[in-house]
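A.B. asks: Can you look at this prediction? I've put the sequence above it.
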Amino acid sequence: MSDDQASLLAGLTQVAKAHLDQAYGISDLKRLSGGASQETWAFEADHATHSEALILRRRPPGMTERSASAVPLETEASLIEIAGLTGIPVPRVRHVLRPDDGIGEGFIMGRVEGETIARKILRDEEYAQARPKLARQCGEILGLLHSIPLENLPELRHSPAADEIKHYRDLYKAHNHPHPVFEIAFRWLEDNLPPQDEANTLVHGDFRNGNLMIGANGVRAVLDWELAHTGDPMEDLGWICVNAWRFGNIDAPVGGFGQREDMFEGYEATSGRKVDPARVKYWEVLGTMKWGVMCMLMVQAFKSGADRSVERAAIGRRSSENEIDLLRLLAPLGGN
Amino acid sequence: MQDQPTSAELVQAVADFIRDQVTPHLKGHVAFHARVAANALDIVKRELEIAPVANAEELSRLQALTGKTGSLEDLNRLLCTEIEAGRIDLTTPCLADHLWQTTLSKLAIDQPGYSGYRRGLEEWQTSHKG
């Protein structure tokens, strides 16, 4: 066990005793994922009669850096709690870390059983019953999410379409490699900006196949709230339709598992708000451009020497996937 | 003129070696990265085979579109400037065809298994029959 893990184990044991229904200790501490500045751990809080499966999301002490678009972990915890109160399936937040806990910033939440790996969700027999329900459920969940009154929310970045486009255009320009298809997409997005006077709501920001915990009956939890912001609610409906998140099932636009109409029906049922399919398409185009720019930028870590892995290098050659998707959206050939 | 085998054949041999003889002896993370490495060599191999003709065609289309001569990079930069300025757009004759052909060639090298490429290629072939 590394020193870091040993000190986390000791700190987390104290937290469990003080804040998790007087657990007598913790066990099975395992690192799940995360970069240098943000970590996800699984562990069990042990009680006399049972143990509770939990997740810790934390930024270790001394790590203050976070990406400009990510919300602080305590904001993420409060969003998950608010979403839960609204009837959105989410894990239960058990404790938000305090400075005197001594193990950094973050929070502890219940571990929801299920699957997040998109290809398994789309392929495995276990999810065969769930798949036909998912598009409608996603719509219902987003309808609830977008109905949360803004005054109930913690402070969030506001990011309407114009700001998103400018952000990605700046990143693209700084990278300084010509992509005529991205130029076409930027122009189209700028020329077709949706009117700003319409709805401004909470936006999850990364609502897609891969960030949803799926069980045999459908969505069990909405995860990864770190890109939450306020803006155009249609952003979330467009993002889940981006071809990258269909994982090969190109004819099932919603996450590779369903149809737009089913998602829209679910959405209208819980939000009472009409879906504007053209506006959803606008955000699908924006999302496709965004993912293309992000793939392109992966090359920077490789070229700078920060990450010399072949995996990192090869992702740069996936930017073109988004170019064909953009052409199919913006310059469709007959019959499309 | 170099002797046989061609560079594409050499790269293919190394990719096959990694995939068929090395990867079966590896586990976990290293096995994953070995597969990624073999796939990266496949990209190089396809680029060696496809790019010479595709690049020449792209260059001649760019010359026709911009009315200028220059390197592939120069003319792509010029095209980007013209699109950003709104002087060339999808209503410009031949621009959409140029972008489609260029992008299909890029994907034939980068990700020929990608769903959007396979569908896009079908659509291209259907709309350019006869």
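C.D. replies: Received the coordinates, thanks. This one's a predicted model, so the numbers in the text were calculated from it and none came from an experiment.
A.B. asks: Helices of the chain, residue ranges please.
C.D. replies: Answering for chain A, as no chain was given. For chain A, applying DSSP state H gives helices covering A:3-19, A:73-85, A:118-123, A:131-145, A:161-175, A:180-191, A:234-239, A:260-271, A:277-303, A:310-315, A:319-330.
A.B. asks: my bad, the chain I had in mind was chain B
C.D. replies: B:7-16, B:28-66, B:72-84, B:95-110, B:115-127.
A.B. asks: could I get these as CSV with mean pLDDT?
C.D. replies: Shown next, in CSV, are those (pLDDT from 0 to 100):
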stretch, mean pLDDT
helix B:7-16, 97
helix B:28-66, 96
helix B:72-84, 97
helix B:95-110, 98
helix B:115-127, 97
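A.B. asks: Need the winner for burial among those.
C.D. replies: Most buried of the helices of chain B by mean neighbour count (mean count of other C-beta atoms under 10 Å in any protein chain shown) is helix B:95-110; its value is a mean of 21. Backbone N, C-alpha and C define where each C-beta goes, glycine included.
A.B. asks: Determine whether any part of it lies close to chain A.
C.D. replies: Yes - Helix B:95-110 lies within reach of chain A by C-beta under 8 Å from any C-beta of the partner chain, at B:96, B:99-100, B:102-104, B:106-107, B:110.
A.B. asks: So the most centrally placed residue in chain A versus A:Asp236, what's the distance?
C.D. replies: By C-alpha atoms, centre = their mean, the mean C-alpha position of chain A lies nearest to A:Asp206, the distance being 3.0 Å. With distances taken as C-beta to C-beta, to the nearest Å, A:Asp206 is found 9 Å from A:Asp236.
A.B. asks: ok, the one residue sitting closest to the centre of chain B - contacts?
C.D. replies: With distances taken as C-alpha atoms, centre = their mean, chain B has B:Lys106 as the residue nearest its mean C-alpha position (2.3 Å). B:Lys106 sits next to A:320, A:323 when contact means C-beta atoms under 8 Å, 6 or more residues apart in numbering or on different chains.
A.B. asks: Kindly provide the distance from it to A:Ser147.
C.D. replies: 42 Å.
A.B. asks: go on, A:Arg317?
C.D. replies: 41 Å.
A.B. asks: Show me what from chain A comes close to chain B.
C.D. replies: Those residues of chain A that sit near chain B, judged by C-beta under 8 Å from any C-beta, are A:178-181, A:183-184, A:186-187, A:243, A:246, A:248-250, A:309-311, A:313-314, A:317-318, A:320-321, A:323-325, A:327-328, A:330-336.
A.B. asks: Now, of these, which are buried?
C.D. replies: Using 16 or more other C-beta atoms under 10 Å in any protein chain shown as the burial test, these include A:178-181, A:183-184, A:186-187, A:243, A:246, A:248-250, A:310-311, A:313-314, A:317-318, A:320-321, A:323-325, A:327-328, A:330-331, A:333 as buried.
A.B. asks: I'd like the distance between A:Gly334 and B:Thr103.
C.D. replies: 17 Å.
A.B. asks: what do you get for A:Tyr172?
C.D. replies: Between A:Tyr172 and B:Thr103 the computed distance is 17 Å (C-beta to C-beta).
A.B. asks: same thing with B:Gln2?
C.D. replies: Remark: distance between B:Gln2 and B:Thr103 (C-beta to C-beta) = 31 Å.
A.B. asks: Spell out which residues of chain B are next to chain A.
C.D. replies: So far as C-beta under 8 Å from any C-beta goes, chain B lies against chain A at B:33, B:36-37, B:39-40, B:43, B:73, B:76-77, B:79-80, B:83-84, B:86, B:89-90, B:96, B:99-100, B:102-104, B:106-107, B:110-111, B:114-117, B:119-120, B:123-124, B:126-127.
A.B. asks: Show the pLDDT at A:Gly335.
C.D. replies: pLDDT for A:Gly335: 49.
A.B. asks: just A:Ala36 next, same as before
C.D. replies: 61.
A.B. asks: tell me the contacts of A:Ser159?
C.D. replies: Contacts of A:Ser159 (C-beta under 8 Å, 6+ apart): A:69, A:167, A:203, A:229-231.
A.B. asks: Give the ranges of residues in chain A that sit below the confidence cut-off.
C.D. replies: By pLDDT under 70, the low-scoring segments of chain A are A:1, A:34-37, A:63-67, A:197, A:335-336.
A.B. asks: From the centre of it, point out the most distant residue.
C.D. replies: Outermost in chain A, C-alpha atoms, centre = their mean: A:Ala48 at 36.1 Å.
A.B. asks: Quick check: that residue vs chain B, distance?
C.D. replies: 37 Å (C-beta to the nearest C-beta, to the nearest Å).
A.B. asks: Can you give me the neighbour number for the closest residue to that residue other than its chain neighbours?
C.D. replies: Computed as C-beta to C-beta, 6 or more residues apart in numbering or on different chains, the closest residue to A:Ala48 that is not its neighbour in sequence is A:Tyr24, at 7.0 Å. A:Tyr24: 11 surrounding residues under other C-beta atoms under 10 Å in any protein chain shown.
A.B. asks: A:Tyr24 is in contact with A:Gln14, isn't it?
C.D. replies: No - A:Tyr24 is not in contact with A:Gln14 according to C-beta atoms under 8 Å; the separation is 11.7 Å.
A.B. asks: And chain A, what are its domain boundaries?
C.D. replies: Taking automatic domain parsing as the reference, chain A has its domains at A:3-110, A:118-330.
A.B. asks: Look at A:Gly62 and say how many residues are nearby.
C.D. replies: Around A:Gly62 sit 6 other residues, with neighbours defined as other C-beta under 10 Å.
A.B. asks: and stretch A:262-282, how far from the chain's centre?
C.D. replies: 20 Å (C-alpha atoms, centre = their mean, to the nearest Å).
A.B. asks: now do stretch A:162-179
C.D. replies: 21 Å.
A.B. asks: Report the buried residues of it.
C.D. replies: Neighbour count says stretch A:162-179 has A:164-165, A:168-169, A:172, A:178-179 buried, by 16+ other C-beta under 10 Å.
A.B. asks: And for stretch A:249-260?
C.D. replies: For stretch A:249-260, burial by neighbour count (16+ other C-beta under 10 Å) applies to A:249-250, A:252-258, A:260.
A.B. asks: And those, which is closest to A:Gln129?
C.D. replies: Within the buried residues of stretch A:249-260, the smallest distance to A:Gln129 is 12.0 Å, found for A:Phe257 (C-beta to C-beta).
A.B. asks: what residues are up against the closest one?
C.D. replies: A:121-122, A:131-132, A:134-135, A:209, A:249.
A.B. asks: Now A:Arg59: closest residue in space that isn't a chain neighbour?
C.D. replies: A:Glu105 (4.7 Å).
A.B. asks: Could you report the neighbour count for the one you found?
C.D. replies: Applying other C-beta under 10 Å, I find that A:Glu105 has 21 neighbouring residues.
A.B. asks: Would you mind measuring from it to A:Gln38?
C.D. replies: 10 Å.
A.B. asks: Over to B:Asn39?
C.D. replies: Taken as C-beta to C-beta, the span from B:Asn39 to A:Gln38 is 29 Å.
A.B. asks: Next: B:Gly67.
C.D. replies: 51 Å.
A.B. asks: The two - which one has more neighbours?
C.D. replies: Neighbours were tallied for B:Gly67 and for A:Gln38 using other C-beta under 10 Å; the higher tally belongs to A:Gln38 (21 against 8).
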